[in-house]
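Q: Quick one, fold the following:
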Amino acid sequence: MSHQYKNLPADEMEALLSGFLVNSWSYSKVSQFARNEKSFEMQHIYGLYSRLSISSIAGNAYHTALEYYFFNLKEFGTQLAVEELKACAYQYLDGVAANKWKLTETVDTIEKAMERATKVVTSLLDNFYREKSLYEDDIDEILAVEVKGEAWVTVNGVDIPLPCRFKIDLVVRLKSGGIAIVDHKSRSAFTPEDEAVLSIGVQAITYVLGYEEISGLTVSEVWFMENKYSQNKDKSPQLSRIPVKIDDNTRRLYGALLYEPVKRMIAAVRDPDYIYLINESDNFVDKGEIYDFWCRTMLNEFSVDSFNIDESKKELVAKRLKKVRDSGVIPVNPTIIREFKKNAVKFIPFDLSTTNMTPQQKIEHTLRVFGKSVAVAHTFEGYSSNTFLLEVASGVKVADVFKYRLDIANALDVENVRIGQSLVRHEGKSYLSIEVSKKRDKNLVYRPEDREGYKLPVGVDNYGRVVYWDLDNQSTPHALVCGATGSGKSVWLRSTIQYAWEAGVSDIIILDPKDEFAGLAGRRIDVVSDIYEIELALARCVEEMNLRVKDKRSSKTLIIFDEFADAYANSRRKSERNEGEKSLEENLRLLLQKGRSAGFRIVAATQRASTKIINGDSKVNFPVQICFRVPKEADSRVVLDEGGAECLAGAGDGLIKSPEYMDTIRFQAYYKPETVTA
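A: The predicted model follows:
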């Protein structure tokens, strides 16, 4: 019998989900709600997640390495070496944002925390590799690795009116013929088996219901594979397998146990007036953190925008906030709540992000803790980031400050901070600059008046200065642009095209393999999307370039080549082209190398910072390098030869290197979503 909510029409589905404060349920949400309702509210309704302990982060790195191992085993039949698994785990640790680490009295810096996490995950992986036969001896086939799904399920005979979201580490076919779900767990101590079977049955049945719904397969058991990172003195095994048999009886038992907390959680998130209680006996949460959150919800100065609430739920939560504040018969004076908040924060001594210190004070305090005396002399507020200029005391090495950038980020509750590679001159003095991303509350709206002839505005830096790409400067003919989805790359391209059109560039050609710029086609603008037509268009540009060089004439032609890396991959191979005909990559290289004097200006853009595409030889042809937000520091280095783009806020927050500027400059790009009037 089909689930009654599964196939609702779109409008009815929207109406159903709009009545809940969350969009789905999961085992972790249900168990957290049952343990501490206020902690559930803080994380899953308001989006304020606690910082992670060292063991939690090490456990995540361990999971990532095992995903890598079993994926390679499934897809290629390859057993990776333990060194390869460690490299994968260490890369994960390097990528953990600074504001995710929970520091303690004994581990009070990010560097110490990473060192401890590295030690833990190394131990876990050594254990796994030494004892992995506990996994593999009974496995006949790996069916799926890292399954992320969402399914409408029935629990204890009742259709649940929210989808169940789940993530399963591994699904295997056993040599006995059954199908098992496998969950990797890292532990400081083993869970007693008799206790574990009772407590983990609810988690097991959640995985089973979700996976069976999306796969159509029947699961016979669930394995919880515990890996104990503290070493046993008696040299006994470090891995333990706790199997949970799934048959008709256990399905009914665990389904009944699961239904009770699910029902209570669903009822709570359906009621915007529900009061979530604080469990004083919960040792898994920081009481100071919970009470600090309570104070934030009670103070009118905090709007929904000061939290990380799902966009689709903001209106509902805003109404809830007002009701919660107005619910008391005698309202509490906000001054009293603020004083209580200060007391709550005292119980979170290693998290400066919760204190009432200014960002400037947090930067100064963090560095002084490490014996580095600095003062924030100037602050400049930008669109997507703020810049703090630090006056470094005599005797403090500027290079030493770089070591603590993650600790500064941790104190400011941001993922990372960018510290300028060179000193900044301001009002006749030199300063070290620290850039901190922030929530942007306004756009840099497109400003035609910022253009100066063929000097096209790229954006505005945090000091309010316009940053330019000068098409008349022979030292800056071509630009390389990179940025992940949501980074603002496409919007910047639109603004650049508009500025070039307004500057009177005689010919604009957009090579658009993903068909994003079709609406710009018109007078003086050609848009080409078909890959074969793109190849022909570039070949014609090379012919035109050669004619201009021969006739000693020049006129402005701007080529915007979006997603050129994808175009390379999809272009015709040598065997498919006519004899003597050049490849797409060869024609682009000719235009880059010889087209400058003939008036050709090229912007080559891509989402992927691949060293195969953007290598040293190709970058020589792009004196101007622009990078919007990318996932990893390594991606930033591919484009800019330095990190920093991984710290950007997205939505037009960018970095530019150009011969026209002494240092890499951070800027906010213009926002102009409309099409060009051509």
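Q: mind checking how far the host helix or strand of Thr206 is from the chain centre?
A: Following DSSP states H and E, the helix or strand that holds Thr206 is helix 201-215. Put simply, helix 201-215 sits 28 Å off its chain's centre (Cα atoms, centre = their mean, to the nearest Å).
Q: and the next helix or strand after it, which strands flank it?
A: Going down the chain from helix 201-215, the next helix or strand is strand 221-228, by DSSP H and E. The sheet places strand 221-228 alongside strand 179-187 (parallel), strand 239-245 (antiparallel), with pairing taken from DSSP bridges.
Q: now strand 221-228: mean pLDDT?
A: Strand 221-228 comes out with an average pLDDT of 96.
Q: Any chance of JSON lines for the strands paired with strand 221-228, columns distance to Phe370?
A: Using the backbone N, CA and C atoms, a C-beta is placed for each residue, glycine as well. As requested, the strands paired with strand 221-228 are exported to JSON lines (distance: least, Cβ to Cβ, whole Å):
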{"stretch": "strand 179-187", "distance to Phe370": "31"}
{"stretch": "strand 239-245", "distance to Phe370": "39"}
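Q: out of these, nearest to Lys619?
A: Between Lys619 and those, the shortest separation by Cβ to Cβ is 40.8 Å, and it involves strand 179-187.
Q: Would you mind listing the outside residues contacting the closest one?
A: Under the criterion Cβ atoms under 8 Å, 6 or more residues apart in numbering, residues 55, 58-59, 62-63, 66, 120, 124, 135, 143, 168-174, 203-204, 207-208, 211, 217-229, 243 lie in contact with strand 179-187.
Q: Check stretch 521-532 too.
A: For stretch 521-532, contacts defined as Cβ under 8 Å, 6+ apart pick out 497, 501, 505-515, 517-518, 520, 534, 537, 567, 570-572, 676, 678.
Q: try stretch 16-24
A: 5, 8, 29, 44-45, 150, 161-165, 266, 269-270, 272, 310, 312-313, 316-317, 320.
Q: can we see that at 7 Å?
A: 5, 8, 44-45, 150, 161-165, 269-270, 272, 310, 313, 316-317 (Cβ atoms under 7 Å, 6 or more residues apart in numbering).
Q: Can you tell me how far Val145 is from His63?
A: 11 Å (Cβ to Cβ, to the nearest Å).
Q: can you give me the strands in the stretch 451-600 of the chain?
A: Per DSSP state E, counting those that start in this stretch, the stretch 451-600 of the chain carries strands over the ranges 455-461, 466-470, 478-482, 507-511, 525-528, 557-561, 600-606.
Q: Now do the second one: distance to the chain's middle.
A: Relative to its parent chain, strand 466-470 has a centroid offset of 29 Å by Cα atoms, centre = their mean.
Q: Make 68 the first number, not 1, from now on.
A: OK, 68 is where the count begins now, so the last one is strand 533-537.
Q: From the contact counts, what lies against it?
A: If contacts are counted by 3 or more Cβ pairs under 7 Å, 6 or more residues apart in numbering; DSSP states H and E, strand 533-537 sits against strand 522-528.
Q: which stretches of the stretch 68-217 of the chain have low pLDDT?
A: For the stretch 68-217 of the chain, the stretches with pLDDT under 70 are 68.
Q: go again using 50 as the cut-off
A: Judged against pLDDT under 50, the stretch 68-217 of the chain has no low-scoring part.
Q: what residue of this protein is the furthest out?
A: Asp618 (51.3 Å; Cα atoms, centre = their mean).
Q: I'd like the distance between that one and Gly666.
A: Asp618 is 12 Å from Gly666, by Cβ to Cβ.
Q: Quick one: low-confidence residue ranges for the stretch 368-517 of the chain.
A: Scanning the stretch 368-517 of the chain for pLDDT under 50 picks out 396.
Q: Many thanks, have a good one.
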